[in-house]
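# Build me a model from this:
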Amino acid sequence: MWGHVSLRGSGATKQSPPLLAIEDGRLLRYTRNDIIRSLPIDKTDSILYNVAQFVLFRSGHPKEETMAETTTQRHLNKAYDCVVIGAGNGGLSAAAQLAAKGARVLLLEQHSLPGGFATSFVRGRFEFEAALHAFCDIGSPTFKGAVRTFLEDELGIYLDWVEIPEAYRLILTDPGEDLDVTMPYGVHDFITAIEKAAPGSRESVTNYVNLCKEVLEAITYIGQSKGHPNRSVLTKQYANFLKTCPYTMDQVADALKIPERARKILHAQWTYLGPPTSRLNFTVYGAMFYLFLITSAYIPRQRSHEFALALDARIRELGGHVEYNTRVEKVLARNGRVVGVATSKGDQIETGHVISNASPTLVYNHLVSPKTEVPEIALRQCNARVNGVSSVVVYLGLDATLEELGLHEYSYFVYANMNTDEMYETCKTLDAPKIQAVLCLNNALPDCSPPGTSIVSITTLYRPEVWKNVAPQDYVRVKNKVASDLIAHFEQATGAPIREHIEEFEVATPQTFARYTGSYNGIIYGYEPEPWDSLMPRMMMMQDDKHLDGLEFCGGFGFRCHGYSSSVKSGQTIALITWRDMLALSEANVMEKGEVQQ
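The predicted structure is shown next:
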């Protein structure tokens with residue numbers, strides 16, 4: 001799936017024990033020289049057994065049997081209260097929330113593992129995080145963010161979260177661009193650091209941060225009002241939020257007269273959302289930005305796959321049902337309402353509620369059956385939206401420590417410049433990439449790789465259609481050229497001699513992500529959050545956008561837009577809305593039966 005190419009001349013890969021192995025029916029996890037985790041495992045428990053077999057297969061060790069040969073017996077019911085399509089972050093969260101409420105929920109996933117992009121993989125003696133850079137809205141145990149509150153207080157899931165040491169380091173590399181700054185978390189510390197880097201900016205930046213705070217508080221209030229906020233409260237307490245809802249990041253920065261140098265630093269994380277700042281809705285960015293400031297950012301100690309596995313396990317513990325290697329081929333509808341799903345295994349399951357982690361574009365164009373049940377407005381809405389970007393990620397296992405390489409930060413944003421329109425245009429060609437987000441994993445998890453080594457991953461963005469023009473015979477050459485250009489740009493920006501220390505080298509492209517997750521053209525984000533189609537318009541139109549009764553969407557294509565924390569929270573919210581609808585429908589049925597009996 002990922003492919004393997006060595007950039008080094010001799011390129012001999014060092015050998016080490018596998019990170020996961022099965023011994024005497026137990027799933028053993030190795031961390032280099034010592035076993036740090038040992039979990040009992042029954043081979044009839046499909047998910048844990050499949051994880052172990054998958055990693056043994058990927059790390060080059062012989063496996064006992066293929067996924068298709070496992071003897072796990074399926075025990076599907078004929079009907080469920082709700083069927084969730086896709087075990088990405090949103091789907092897992094939705095299924096877990098419904099199971100916690102006591103609903104009979106079935107989660108169906110076409111892959112053999114949960115998580116979607118939230119996963120990890122092994123090469124040689126390194127375990128790479130596939131996608132996660134920073135998990136927002138976790139917070140500390142004493143100052144919990146919404147995601148930690150949901151996981152721990154609602155679901156009873158406790159993970160070992162590790163705080164990322166700094167917000168980010170921003171480096172601009174074009175001639176004449178004199179900007180290399182490391183930014184801390186915390187409102188006061190961040191404003192002080194930006195004033196030092198851009199003297200005279202304190203007042204306007206303080207106003208910007210305060211506006212971001214109001215945006216987040218308003219969104220929280222609207223969420224707590226369950227979609228029915230008091231108009232008077234909004235206009236009196238959150239007037240600035242209402243004023244800025246229809247505007248872009250650039251428009252708000254212009255209105256606040258933020259100096260150019262300070263603006264560059266404030267907008268550094270634009271690539272976490274995709275569109276250039278001239279099109280990116282301020283509400284979405286402002287809320288994300290402020291959450292990072294007040295709750296910082298975290299990652300699970302055992303990579304994001306630990307997070308996905310924990311949700312899967314909790315769904316099962318709460319009585320939910322999870323099936324892998326099972327693709328939903330039809331969402332069955334009748335008279336404007338969902339009535340069931342049909343799967344690739346020949347199952348036809350009755351349900352009045354479907355929550356899809358897959359995109360509305362996929363569901364309305366390919367899954368809803370019969371086609372006559374798809375309203376024209378649903379297709380028009382999908383066509384009006386802009387699909388997000390994909391990416392190329394270069395995963396590097398290095399035979400030197402980050403300290404030896406002179407890399408002291410976890411998160412780097414390296415751009416040619418901060419003309420984001422120009423930078424976004426470069427995503428439409430296969431020329432040398434000019435934007436990259438880099439994580440140096442050992443600076444958050446010092447023991448994530450063997451002693452004397454380190455893990456670095458470099459991510460750049462592409463419009464996915466660019467890769468359609470690459471001929472099969474040119475694919476390996478092109479992706480390795482892109483990877484080499486990314487490494488060169490990072491070396492230029494930091495002075496770190498990366499290339500001479502590469503032990504393991506992998507490249508993921510849009511084609512990789514398309515094959516692994518099934519996402520359209522390998523898209524890693526949802527629809528682009530422009531002002532007309534961002535968080536607030538989607539929230540305000542949630543009822544009007546419900547084109548089939550009983551059908552809801554969560555995850556990166558959901559109403560909260562994309563991102564790890566947004567996907568989780570959208571899954572939780574949509575599950576609660578679905579639970580409310582279930583109760584209302586049940587009450588209506590009881591009343592109808594009572595009237596008939598009378």
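# Neighbours of residue 417, how many?
Using other CB atoms under 10 Å, the number of residues around residue 417 comes to 17. In short, each C-beta sits where N, CA and C put it, glycine included.
# For it, grab phi and psi.
phi -160, psi -180 (degrees, to the nearest 10).
# That one and residue 528, how far apart?
Distance, residue 417 to residue 528, using CB to CB, to the nearest Å: 21 Å.
# which stretches of the stretch 201-350 of the chain form strands?
297-300, 321-323, 328-334, 337-343, 348-350 (DSSP state E, counting those that start in this stretch).
# Which other helices and strands does whichever helix or strand comes after the last one contact?
Remark: after strand 348-350, the chain's next helix or strand is strand 354-356, criterion DSSP states H and E. Using 3 or more CB pairs under 8 Å, 6 or more residues apart in numbering; DSSP states H and E, the elements in contact with strand 354-356 are strand 82-85, helix 89-101, strand 551-553, helix 564-597.
# Now distance to residue 475 too, for these, in TSV please.
Listed next are those as TSV, based on distance: least, CB to CB, whole Å:
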stretch	distance to residue 475
strand 82-85	30
helix 89-101	29
strand 551-553	33
helix 564-597	29
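# Which one, of these, ends up nearest to residue 206?
For these, the distance to residue 206 is smallest for helix 564-597, at 25.2 Å, taking CB to CB.
# For the closest one, list every residue counted as buried.
Within helix 564-597, the residues scored as buried using 16 or more other CB atoms under 10 Å are 564-579, 581-582.
# How about stretch 310-319?
Neighbour-count burial for stretch 310-319, counted by 16+ other CB under 10 Å, picks out 310, 311, 312, 313, 314, 315, 316, 318.
# And for stretch 331-340?
331, 332, 333, 338, 340.
# how many neighbours does the nearest residue to residue 396 once chain neighbours are set aside have?
Computed as CB to CB, 6 or more residues apart in numbering, the closest residue to residue 396 that is not its neighbour in sequence is residue 456, at 4.6 Å. Neighbourhood size, residue 456 [other CB under 10 Å]: 26.
# for residue 456, helix, strand, or coil?
At residue 456 the chain is in strand, as set by DSSP: H, G, I helix; E, B strand; the rest coil.
# likewise the one 5 residues further on?
Under the three-state scheme (three-state DSSP), the conformation of residue 461 reads as strand.
# Kindly report the same for residue 437.
Reduced to three states by three-state DSSP, residue 437 is strand.
# one step back: contact partners for the residue nearest to residue 396?
Contacts of residue 456 were listed using CB atoms under 8 Å, 6 or more residues apart in numbering, and they are 396, 398, 402, 407, 438, 439, 440, 441, 498.
# and if you look at residue 279?
For residue 279, the contacting residues are 248, 528, 530, 531, by CB under 8 Å, 6+ apart.
# Could you point out which residue ranges in this structure have low pLDDT?
The model of the chain has pLDDT under 70 over residues 1-74, 226-227, 589-598.
# Swap in 90 and give it another go.
1-77, 220-231, 464, 468-469, 520, 535-546, 584-598 (pLDDT under 90).
# how long is stretch 385-396 end to end?
Length of stretch 385-396, first residue to last, CA to CA, to the nearest Å: 35 Å.
# in terms of contact, does residue 517 touch residue 119 like I think?
No: judged on CB atoms under 8 Å, residue 517 makes no contact with residue 119 at a distance of 9.3 Å.
# Next, work out how far apart residue 115 and residue 342 are.
Separation of residue 115 from residue 342 (CB to CB): 25 Å.
# Of the two, which one has the most company?
residue 115 (27 against 16).
# OK, contacts around the more buried one?
With contact set as CB under 8 Å, 6+ apart, residue 115 has these partners: 87, 88, 89, 92, 304, 305, 307, 308, 309.
# Quick check: it vs residue 274, distance?
Applying CB to CB, the value for residue 115 to residue 274 is 21 Å.
# How about residue 482?
18 Å.
# same check, this time on residue 313
From residue 313 across to residue 274, the span is 32 Å (CB to CB).
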